[in-house]
Every structure is written in C-alpha cells, then in structure tokens.
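A.B. asks: Pasted the sequence and its predicted model underneath.
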Amino acid sequence: MSALIRPSSLSGLTAADRVLFQRFGTGNPAGVPFHRIHDAVLAQARVRPDALAVVHSGESLTYAELERRSAALAAALARLGVRPGHHVGLFLTRSIPMVVGILAVLRAGAAYVPQDIRITPAAQLRHIVATAGIDVVLTTREHAAALPAGLGRVVAVDGEHPDHDAPFVTGGGTAMVIFTSGTTGRPNGVQVTHANLANVLLTAPGSLGIRPGDRVAQLLNIAFDMAAWEILGTLSHGGCLLVRGKDIEETAREADVLIATPGVLSTVDPRACPRVRTVAVAGERCPIALADAWSRRARFHNACGPTEVTIVNTVQRYDPRLGRLTIGRPVPNTTVYVLDDELRPCPIGQVGEMWAGGACVTAGYAGNDVLTAERYRPDPFLGGAHRMFRTRDLVRWTTDGQLEHHGRTDDQVKVRGFRVELDAVTATLERAPGCERATTLLYEGGLVGFVTPSTAEPELIRRSAEAALPYYSVPAMIVPVDHLPLTERGKVDRRALLSRLDSREPAETVA
C-alpha cells in the first residue's frame with residue numbers, strides 16, 4: 001500500500017505543512033512476501049529442514065520437527081472442530097510446546113490466545129475464555145491439572161498426536177488475540193490479523209535484519225504482544241529461537257538479537273553479551289543512557305506502539321553520534337497522524353496525539369464493539385473503509401521527520417492545578433548526575449521520583465530537576481532504590497512502588 005492522504009482532509013494546514021504531513025506521516029511502500037505469517041515459517045522449514053528452530057533447557061527442535069509436530073497438532077485441532085475464525089487458548093509457559101502450539105493453531109486457521117499459566121488468576125482465565133469465545137485450550141501435561149474447571153476442551157500440546165498432514169485452510173484472518181489491561185479492570189482482547197503481523201515482521205525495520213541461523217532470545221511473557229515479535233519474527237526468517245529459563249542474562253549471552261522492554265533490557269549487562277549485534281526495545285519509554293550503552297556494541301532500535309497497532313508502528317535506528325533518541329518514523333505501509341483534541345491535523349512541530357492508520361490497525365476488541373467504536377475511528381485521511389487508532393501517545397514531528405515522544409495522555413496528571421507529563425519529569429531525572437533509571441508517580445497529590453541505583457543522592461538529583469523543570473513539576477520526594485520492579489510483561493511496576501510508599505513509616509522522611 002502506498003498511502004495517499006486525501007488533500008481535502010488537510011485544509012486547516014498551510015501549504016508547506018500539508019506536504020510534510022504527507023511525507024512524514026506515511027511509511028515507505030513495501031511488498032510483503034507472505035499474507036499469512038505461518039506461511040513464512042513453513043517456507044523456512046522447506047528450504048532448511050535440518051536447521052535448529054527452537055532451543056530450551058537443553059532440548060531443541062529442527063524446522064522439520066517443528067513442521068511435523070505442528071501439522072499433527074493442527075490436524076488434531078481440526079478433528080475437534082477448530083475452524084478458521086475460531087480462537088484457541090494457549091495457556092502454558094515459555095517452552096518448546098508453546099512454539100508448537102502457536103504454529104499449530106495458525107495452521108488450523110484459528111487465532112491463538114496466549115496466557116502464562118503460572119501467573120494468570122483463574123478468574124482472569126475464565127474472563128478471557130468467555131470474552132474470546134474459546135472452546136479449546138492448549139496446555140502441557142504438566143500444567144493441565146492447574147487449569148481451573150470449565151474452560152472448555154483441554155488438549156496437551158506434548159501429548160500423543162499421530163503424524164498427520166495439517167488441514168488445508170484459506171480463511172482465518174485473525175492470527176492472535178492479545179489481552180491488554182482495560183480501564184474497567186477487566187482485560188480487553190485485541191484481534192491482531194495475519195496481514196498486520198506479516199507487514200511489521202516481514203519488512204524492514206521490523207524484520208531487524210534477522211537472517212537464517214541467527215540466534216534470537218525469547219525473554220518476554222508469552223501473553224505480551226512483543227513475544228510474537230520474538231517468536232514469529234525469528235521463525236519467519238529462519239532464525240533459531242532461544243527460549244529462556246529463569247536466567248534472562250544467561251540466554252541473552254548466547255543471542256545475536258535481543259527484543260525487550262527497556263525494563264527487561266536494563267537487567268542485562270551489555271558487556272556480558274558480545275554476540276549481540278541487534279537490539280530492539282518498545283513497550284515503555286527508553287532512557288537515553290540505556291540506548292547509549294547498547295548502541296556502542298549493537299544496532300539499537302527504539303520503537304513505539306500499543307498492541308492495537310500491531311506490536312510497534314514507529315521505529316528509530318538510534319545513532320549515538322547524534323545523541324537524539326526518538327521513536328522514529330512509521331513502519332512500511334502504515335500512517336501516523338498528529339492530531340489535536342478535535343482530530344484536526346497539528347502543524348508540524350506542535351505536540352498532539354498520535355493516531356495510527358494503514359496496515360498496522362488491528363481488527364478491534366473481541367466481544368466489545370462499544371470500546372472498538374470508541375478507540376477505532378474511520379480514517380478521514382485515507383478514506384474508504386480504512387480505520388485509524390488512537391494510541392494516546394503525545395508526539396511531535398521534528399524538522400527532519402522524526403517523532404519525538406512527549407508522554408501519554410493517560411500519564412498526564414494535575415499538580416497544584418498545573419498539567420504535568422510524568423514521562424517528561426522522568427526524562428529529566430535520568431539526566432541528573434548519578435541517576436541511571438527513574439520513574440515518576442503521583443502520590444497523595446504530589447510527585448514522587450524513584451531513581452536507581454540506591455547510591456544516587458536525592459538532593460543532587462532534586463537540584464538538577466529544579467534547574468530544568470517548573471517548580472510544580474519537581475518531585476516532592478526522591479526515593480533511591482536498588483532496582484525498579486517490573487511487571488510480568490517487563491514494564492515498571494507502578495503498583496509495587498506505590499505499595500512501597502504506603503508501607504513507609506510515618507516518621508520516615510526522604511530528601
């Protein structure tokens with residue numbers, strides 16, 4: 001798709017800004033070699049059947065073995081009535097059966113719905129099954145007994161499945177359903193299509209230059225959309241997936257490519273990973289110090305995008321010589337619009353909210369048409385049946401067409417009547433002497449900055465912040481900690497930090 005923005009939709013801009021809105025906001029047109037992401041994986045199995053596809057805890061599968069096992073399981077699913085358009089639960093943990101299960105579900109024409117059985121509460125599993133309309137759940141023999149009752153037909157991926165050709169299917173547009181945290185406390189299931197995945201994973205820069213034989217670490221929670229970047233991004237290019245055990249760095253040391261959140265990547269010492277040549281981060285704001293540390297040794301990509309726009313929709317190849325970390329440009333065949341509150345185009349250089357369009361926009365929320373209509377809107381810039389998605393990211397275009405990230409609308413808080421963007425405060429803290437990473441929270445009407453390492457000097461950091469920020473944006477407390485806790489999806493665990501504040505002794509004070 002070569003996106004062509006309709007001139008009538010840009011009537012509020014100057015002639016110069018109309019040109020730049022089109023030039024900056026449209027990703028390069030690119031051909032996508034496969035329409036279904038698993039077809040790219042099976043093509044690799046045909047040309048290099050004996051190459052290693054996946055390794056975990058001393059066990060491995062070649063591409064031929066992965067093809068055979070997934071075909072047998074896909075046939076078993078078909079015999080159970082799984083058809084194109086169906087959703088199949090994949091409730092297990094990082095493992096070789098996880099990879100077999102993903103490929104089998106896709107080959108059956110269905111979409112996989114991943115959850116980590118170790119950490120997902122039973123009530124949430126039941127909600128996911130009901131919301132996604134799941135009748136069949138894949139797990140392992142080890143975890144079958146741990147599943148709550150009433151989830152549907154349970155099938156062990158590592159059970160006995162006689163060799164059989166996978167069913168021939170042509171339908172099934174949705175490839176996976178990823179459940180994200182919802183505003184009501186209940187997770188929402190985002191329907192990600194094959195076309196979405198193929199576009200981001202099979203074109204540069206999302207392909208990350210992965211070549212046959214490259215070793216790619218699989219570090220992330222399987223329920224996180226970025227895990228699909230690791231897994232399907234590796235196998236569709238003939239790489240070898242290194243599924244981690246408990247030790248993240250042990251796996252990272254053996255990898256050529258790392259894909260992670262900044263929080264997860266910050267737990268790995270780049271000096272311990274001499275093989276790594278490519279790194280990509282997304283999912284949360286990346287500290288420039290982290291980008292600098294890794295870009296001295298590897299190609300470093302900073303990316304942005306919620307699940308609803310298919311893993312990431314903008315990417316920057318960071319150049320440490322320039323020292324300017326942005327979220328880059330739209331990936332091929334997609335669009336980015338910087339809009340004001342009335343959905344009008346912002347002039348180039350003005351901060352607005354990012355809406356995404358084109359080949360990244362997913363198929364909405366499973367079982368929630370009301371929320372889909374609220375967050376996905378008709379795309380007035382491309383017209384026709386195109387839709388655009390509200391990312392809630394605040395951005396602006398630089399003069400050379402890079403997107404600067406300026407926080408999120410849901411990270412804007414009021415302090416003393418002033419609007420404050422938490423990400424902007426955090427970025428300032430991280431530029432202070434002695435601070436490596438930081439995060440900022442609103443607590444009891446004031447700001448609290450958590451900084452690492454624990455040896456950081458709060459007063460020094462406070463003075464640095466006072467020199468750079470308005471008085472109302474300076475955190476009332478600076479709390480040094482050994483490390484910032486992470487959620488299971490690799491992002492900073494803000495609830496854990498707030499709990500830490502709640503448990504503080506009343507007499508305890510912080511500089």
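C.D. replies: Nice, I can see it.

A.B. asks: Check what pLDDT the closest residue to residue 235 other than its chain neighbours gets.
C.D. replies: Sequence neighbours aside, residue 41 is the residue nearest to residue 235 in space, at 4.4 Å (criterion: Cβ to Cβ, 6 or more residues apart in numbering). Bear in mind the C-beta positions are built from the backbone N, C-alpha and C, glycine included. As predicted, residue 41 sits at a pLDDT of 98.

A.B. asks: Now do the SS call for residue 171.
C.D. replies: What DSSP: H, G, I helix; E, B strand; the rest coil gives for residue 171 is coil.

A.B. asks: Over to the nearest residue to it once chain neighbours are set aside. Which of the three states is it?
C.D. replies: Closest residue to residue 171 apart from its sequence neighbours, by Cβ to Cβ, 6+ apart: residue 84 at 3.5 Å. Taking three-state DSSP as the rule, one finds residue 84 in the coil state.

A.B. asks: Tell me the spacing between residue 131 and residue 367.
C.D. replies: 5 Å (Cβ to Cβ, to the nearest Å).

A.B. asks: Which helix or strand contains residue 98?
C.D. replies: Per DSSP states H and E: residue 98 is located in helix 96-107.

A.B. asks: continuing past that helix, what's the next helix or strand?
C.D. replies: Using DSSP H and E, the helix or strand that follows helix 96-107 in sequence is strand 111-116.

A.B. asks: buried stuff in the one helix or strand the residue nearest to residue 235 maps to?
C.D. replies: For residue 41, the element it lies in under DSSP H and E is helix 37-47. Neighbour counts over helix 37-47 (16 or more other Cβ atoms under 10 Å) mark 37, 38, 40, 41, 42, 44, 45 as buried.

A.B. asks: And for stretch 166-186?
C.D. replies: Buried residues in stretch 166-186, defined by neighbour count with 16+ other Cβ under 10 Å: 166, 167, 169, 172, 173, 174, 175, 176, 177, 178, 179, 180.

A.B. asks: pretty sure residue 158 is touching residue 140, no?
C.D. replies: Yes - at 5.2 Å, residue 158 counts as touching residue 140 under the criterion of Cβ atoms under 8 Å.

A.B. asks: shared neighbours, these two?
C.D. replies: residue 97 (Cβ atoms under 8 Å, 6 or more residues apart in numbering).

A.B. asks: So between residue 131 and residue 367, which is more surrounded?
C.D. replies: Comparing residue 131 with residue 367 by other Cβ atoms under 10 Å, the one with more neighbours is residue 131, at 20 against 15.

A.B. asks: What helices and strands are in contact with the helix or strand encompassing that one?
C.D. replies: Taking DSSP H and E as the definition, residue 131 sits inside helix 122-132. Packing partners of helix 122-132 (3 or more Cβ pairs under 8 Å, 6 or more residues apart in numbering; DSSP states H and E): strand 87-92, strand 111-116, strand 174-180, strand 188-193.

A.B. asks: Which parts of the stretch 401-511 of the chain are strands?
C.D. replies: Here the stretch 401-511 of the chain has its strands, by DSSP state E, counting those that start in this stretch, at 403-408, 412-415, 418-421, 437-443, 446-452, 477-480.

A.B. asks: In TSV, list those along with distance to residue 112 and mean neighbour count.
C.D. replies: Shown next, in TSV, are these (distance: least, Cβ to Cβ, whole Å; neighbours: other Cβ atoms under 10 Å):
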stretch	distance to residue 112	mean neighbour count
strand 403-408	28	20
strand 412-415	35	15
strand 418-421	36	15
strand 437-443	32	22
strand 446-452	36	22
strand 477-480	40	21
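
A.B. asks: Which one, of those strands, ends up nearest to residue 360?
C.D. replies: For the strands of the stretch 401-511 of the chain, distance to residue 360 was read as Cβ to Cβ. The smallest value, 14.1 Å, belongs to strand 403-408.

A.B. asks: which residues are in contact with that closest one?
C.D. replies: Here strand 403-408 has contacts from 285, 304, 314, 326-329, 336, 351, 354, 392-398, 421-424, using Cβ under 8 Å, 6+ apart.

A.B. asks: Please list the members of these that lie in helices.
C.D. replies: Among the contacts of strand 403-408, the members falling in helices are 422, 423, 424 (criterion: DSSP state H).

A.B. asks: ok, back up a step: quick one: contacts for the residue nearest to residue 235?
C.D. replies: 66, 103, 232, 235, 236.

A.B. asks: What is the burial count for residue 411?
C.D. replies: Using other Cβ under 10 Å, residue 411 is surrounded by 20 other residues.

A.B. asks: ok, back up a step: who touches both of residue 131 and residue 367?
C.D. replies: residue 189.

A.B. asks: Tell me the confidence at the nearest residue to residue 118 once chain neighbours are set aside?
C.D. replies: Take residue 118 and drop its neighbours on the chain: the residue closest to it by Cβ to Cβ, 6+ apart is residue 93, 5.6 Å away. What the model reports as pLDDT for residue 93 is 96.

A.B. asks: Need the contacts of residue 41 in JSON lines (columns: distance to residue 386).
C.D. replies: Formatted as JSON lines, the contacts of residue 41 follow (distance: Cβ to Cβ, whole Å):
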{"residue": "66", "distance to residue 386": "36"}
{"residue": "103", "distance to residue 386": "31"}
{"residue": "232", "distance to residue 386": "25"}
{"residue": "235", "distance to residue 386": "30"}
{"residue": "236", "distance to residue 386": "26"}
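
A.B. asks: which of those lies closest to residue 53?
C.D. replies: residue 66 (4.6 Å).

A.B. asks: which one is that closest one nearest to, not counting chain neighbours?
C.D. replies: residue 53 is the one closest to residue 66 (Cβ to Cβ, 6+ apart), at 4.6 Å.

A.B. asks: excluding its backbone neighbours, what's nearest residue 284?
C.D. replies: residue 491 (5.0 Å).

A.B. asks: List the buried residues for the host helix or strand of residue 71?
C.D. replies: Taking DSSP H and E as the criterion, the element that holds residue 71 is helix 63-79. Of all the residues in helix 63-79, those buried under the rule 16+ other Cβ under 10 Å are 63, 65-78.

A.B. asks: quick one: it to helix 96-107, angle?
C.D. replies: 60 degrees (axes from the mean of the first three to the mean of the last three Cα atoms, to 10 degrees).

A.B. asks: Show residues contacting helix 63-79.
C.D. replies: By Cβ under 8 Å, 6+ apart, helix 63-79 touches 41-42, 44-45, 48-54, 61, 88, 99-101, 103-105, 107-108, 110, 136, 138, 155, 157, 161-167, 235, 238.

A.B. asks: Repeat that for stretch 159-169.
C.D. replies: 68-76, 78, 83-84, 104, 107-109, 141.

A.B. asks: For that stretch, C-alpha coordinates in CSV please.
C.D. replies: Only the C-alpha atoms of stretch 159-169 are listed here, as CSV (Å, rounded to 0.1, in the frame of the first residue of the first chain):
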residue,chain,number,x,y,z
GLY,A,159,0.5,-35.4,24.3
GLU,A,160,0.3,-38.1,21.7
HIS,A,161,-0.8,-36.8,18.3
PRO,A,162,-0.3,-39.2,15.4
ASP,A,163,1.5,-37.8,12.4
HIS,A,164,-1.0,-36.3,10.1
ASP,A,165,-1.0,-33.5,7.4
ALA,A,166,-2.3,-30.2,8.7
PRO,A,167,-5.7,-29.2,7.3
PHE,A,168,-5.7,-27.1,4.2
VAL,A,169,-7.3,-23.8,5.1
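
A.B. asks: Relative to the whole chain's centre, how far out is that stretch?
C.D. replies: 31 Å (Cα atoms, centre = their mean, to the nearest Å).

A.B. asks: Report the rounded mean pLDDT for that stretch.
C.D. replies: 93.

A.B. asks: What segments of the stretch 201-350 of the chain are helices?
C.D. replies: 225-235, 248-252, 262-265, 288-295 (DSSP state H, counting those that start in this stretch).

A.B. asks: a markdown table please, covering the ones you listed and showing mean neighbour count.
C.D. replies: Formatted as a markdown table, the helices of the stretch 201-350 of the chain follow (neighbours: other Cβ atoms under 10 Å):
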| stretch | mean neighbour count |
| --- | --- |
| helix 225-235 | 27 |
| helix 248-252 | 19 |
| helix 262-265 | 23 |
| helix 288-295 | 19 |
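
A.B. asks: Before I go, just wanted to say thanks for your time.
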